[in-house]
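Chemist: with the sequence up front, the predicted model follows.
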Amino acid sequence: METTTGDAPFSVDLSALESAVYCPNGIRKAAGGVVLLVHGTGSTGYESWANGPYGVYLPWAAPGFDVCWVDLPRNSLIDAQVSAEYIAYNIPLLAAKSSTGKVSIIGHSQGAGLNPQWALDFWPSIRQYVSDYIALAGDFHGTLEGPVSCLSQDLLHSGCYPSVAQQTAGSKYLEAQNERGGSALVTTTSIYTRYDDVIQPEVVNPTSVLPGAANLALQDPAYTQTLTCVVLCTKLITLLFSSTLQPMLSHMTLSLMTDRLQPLVLTRSNIAVLL
């Protein structure tokens, strides 16, 4: 795929960009199209997605989805600008194979607030291929925990990992991203918890709130049942506001407590009810 006029050039070998995407069940032209999963800092595609409902149940949930994930280099600890290339390059390739001609993006943490947004910002030609973008605990405006993380990395690794420094609130990276891409560039839903251990602030001026997006803070302190996430796609986002789901949502708490997405506390019957 050649760079389109108006898009940033790719600095990574194109074959390396393409080979970073893995679709565990292949692409079967499922009716719901292709869903690209983007992991967060310090993780891999397999660690974040393979054993949760995104990898296990989403392919078989009506109407059916072709699920793929991207493995960003060095557990997404490198320059986030480079990580974004892996998303920007593969969106049109996956869209060409998708039954809908488009791709849905679901990302977590850095893979929600930085990499996809940067790709949509600096490769504007790919926006036409994105049907929706769902961010889970996305740090669109950075995190106040960045300096603490960098301090420990300075001591242990003789320097802060690039993407960790870039996710720190007030970084030059975020300044550049939000100067051009400080609002939703495609249909976007941002879902977050008020009590995230890493992505903060989320109570006053929440970092996960993106202008122009549907921003949802799902929290109910009165209940102790916790879900680290829910199966999210275009259909579910629509259903979140339906009368059938309101009673269910009032009895559960969405919690994205760690920067590495953990296996989700959901059963096959739960998924069937949600979808």
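Modeler: Looks like it came in fine. Numbers count the residues shown, from 1 in each chain.

Chemist: what helix or strand is residue 106 located in?
Modeler: strand 103-108 (DSSP states H and E).

Chemist: and the helix or strand that that strand is followed by, what other elements does it pack with?
Modeler: Note on strand 103-108: by DSSP H and E, the next helix or strand toward the C-terminus is helix 110-113. Helix 110-113 is packed against strand 130-136, with contacts defined by 3 or more CB pairs under 8 Å, 6 or more residues apart in numbering; DSSP states H and E. Any C-beta I mention is one placed from the backbone N, CA and C, and that applies to glycine too.

Chemist: for the strand it packs on, the averaged confidence score.
Modeler: The average pLDDT within strand 130-136 is 96.

Chemist: ok and it relative to strand 103-108, angle-wise?
Modeler: Interaxial angle of strand 130-136 relative to strand 103-108 (axes from the mean of the first three to the mean of the last three CA atoms, to 10 degrees): 10 degrees.

Chemist: helices and strands around strand 130-136, which ones?
Modeler: strand 103-108, helix 110-113, helix 115-122, strand 188-192, helix 234-239.

Chemist: deepest of the ones you listed, which one?
Modeler: Neighbour counts (mean count of other CB atoms under 10 Å) averaged over each of those peak at helix 110-113, with a mean of 31.

Chemist: hey, where'd the helices end up in the stretch 51-200 of the chain?
Modeler: 53-56, 80-97, 110-113, 115-122, 146-157, 162-166, 172-181 (DSSP state H, counting those that start in this stretch).

Chemist: specify the local secondary structure of residue 36.
Modeler: strand (DSSP: H, G, I helix; E, B strand; the rest coil).

Chemist: and it, what's its pLDDT?
Modeler: So, for residue 36, pLDDT stands at 98.

Chemist: and if you look at residue 115?
Modeler: So, for residue 115, pLDDT stands at 97.

Chemist: how about it, what does it touch?
Modeler: 38, 72, 76, 80, 83, 84, 86, 87, 107 (CB atoms under 8 Å, 6 or more residues apart in numbering).

Chemist: would TSV of those with distance to residue 214 be doable?
Modeler: Listed next are these as TSV, based on distance: CB to CB, whole Å:
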residue	distance to residue 214
38	19
72	26
76	25
80	24
83	25
84	23
86	26
87	21
107	15
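
Chemist: quick one: which of those residues is nearest residue 66?
Modeler: Within these, distances to residue 66 taken as CB to CB reach their minimum at residue 38, with 15.6 Å.

Chemist: ok, now how distant is that closest one from residue 69?
Modeler: 7 Å (CB to CB, to the nearest Å).

Chemist: shaky segments in the stretch 151-275 of the chain?
Modeler: 151-158, 220-275 (pLDDT under 70).

Chemist: spatially central residue for this structure, please.
Modeler: residue 107 (1.0 Å; CA atoms, centre = their mean).

Chemist: residue 51: neighbour count?
Modeler: 13 (other CB atoms under 10 Å).

Chemist: how close does it get to residue 45?
Modeler: Distance, residue 51 to residue 45, using CB to CB: 12 Å.

Chemist: what do you get for residue 32?
Modeler: 19 Å.

Chemist: ditto for residue 54
Modeler: Taking CB to CB, one finds residue 54 at 10 Å from residue 45.

Chemist: overlap in contacts of these two?
Modeler: Shared contacts of residue 54 and residue 45, counting by CB under 8 Å, 6+ apart, come down to residue 37.

Chemist: can I assume residue 67 is in contact with residue 24?
Modeler: Yes - between residue 67 and residue 24 there is a contact under CB atoms under 8 Å: 6.9 Å.
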